[in-house]
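S.K.: I'll drop the sequence and a predicted model, then ask my questions.
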Amino acid sequence: MTSELEQGLAILSQLGAAIDNASPAARRPPSEAFLEVAEARYRALVEQIPAVTFMASLDGGLNEV
């Protein structure tokens, strides 16, 4: 089990090093164009899905119609 833990820690260390060495562009938040495309895809999915969607408040408050 110790070897599995050591392997996991080694992988996490490598991931941390990869993130530290990533270019500033790779660490930047998504661009506006990327977000617009993602929104359009989500909107198309919701508008074209053959089902009814409903949102309900989990705290027992008023629900949006």
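M.R.: Thanks, I have the structure now.

S.K.: ok, Leu5 - how many residues close by?
M.R.: Counted with other CB atoms under 10 Å, residues neighbouring Leu5 total 9. In short, each C-beta sits where N, CA and C put it, glycine included.

S.K.: Can you say which helix or strand has it in it?
M.R.: According to DSSP states H and E, Leu5 maps onto helix 2-20.

S.K.: Could you do Phe54 as well?
M.R.: Assigned by DSSP H and E, Phe54 falls outside every helix and strand.

S.K.: what's the weakest-modelled helix or strand in the chain?
M.R.: Sorting the helices and strands of the chain by mean pLDDT, DSSP states H and E puts helix 24-27 at the bottom, at a mean of 66.

S.K.: what stretches of this structure score poorly on pLDDT?
M.R.: Within the chain, the ranges that satisfy pLDDT under 70 run 1-2, 22, 25-28, 53, 60-65.

S.K.: again, only using 80
M.R.: 1-5, 8, 12, 15-30, 46, 49-65 (pLDDT under 80).
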